[in-house]
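Visitor: Quick one: sequence plus predicted model below, questions after.
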Amino acid sequence: STVVMVLELTGQQTLLVPLLLAVIVAVGVSTMLTNSIYNQMLLLKGLPYMPHLRTKQMVGKAAADIMRPTDAVAEAAQKEMINSWRGAWK
């Protein structure tokens, strides 16, 4: 992290608390203002994005209650598995 690099380069332990506070505030502000680079890439590519997974409706639910494969996904996975098995026997 930035704090560790600065402390290693300067060798001054008195900078620890101010640097840690500055980094915590900077991360908090950036999280409130923008998406992370990884979430932004998901949005740009049009991939599924679930920013608010932890909500009151989700408490006590298992993954199986939320995520169910569609028939197309199940068929594609089955074809991929069969093709990989055929390739292993060649």
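Guide: Good, I have the coordinates. Residues are numbered from 1 along each chain as shown.
Visitor: where's residue 61, which helix or strand?
Guide: Assignment of secondary structure by DSSP states H and E places residue 61 within no helix or strand.
Visitor: Same question for residue 35.
Guide: Here residue 35 is assigned to no helix or strand, by DSSP H and E.
Visitor: thought it was touching residue 41?
Guide: No - Residue 35 lies out of contact with residue 41 (C-beta atoms under 8 Å); the separation is 9.2 Å. The C-beta positions use only the backbone N, C-alpha and C, and glycine is treated the same way.
Visitor: Spell out which residues are contacts of both of the two.
Guide: Counting by C-beta atoms under 8 Å, 6 or more residues apart in numbering, residue 35 and residue 41 have no common neighbour.
Visitor: In terms of helices and strands, where is the most centrally placed residue in the chain?
Guide: Here the mean C-alpha position of the chain is nearest to the C-alpha of residue 38 (C-alpha atoms, centre = their mean), at a distance of 6.7 Å. In this structure, residue 38 sits in helix 37-45 according to DSSP H and E.
Visitor: And for residue 81?
Guide: Assigned by DSSP H and E, residue 81 falls in helix 71-88.
Visitor: Tell me who's in contact with the residue nearest to residue 2 when sequence neighbours are not counted.
Guide: Using C-beta to C-beta, 6 or more residues apart in numbering and skipping the chain neighbours, the partner closest in space to residue 2 is residue 23 (5.9 Å). By C-beta under 8 Å, 6+ apart, the contact set of residue 23 is 1, 2, 3.
Visitor: got any ranges where this structure has weak pLDDT?
Guide: Scanning the chain for pLDDT under 70 picks out 51-55, 87-90.
Visitor: Can you get me a residue count around residue 8?
Guide: 8 (other C-beta atoms under 10 Å).
Visitor: Please report phi then psi for it.
Guide: Main-chain torsions, residue 8, degrees, to the nearest 10: phi -70, psi -40.
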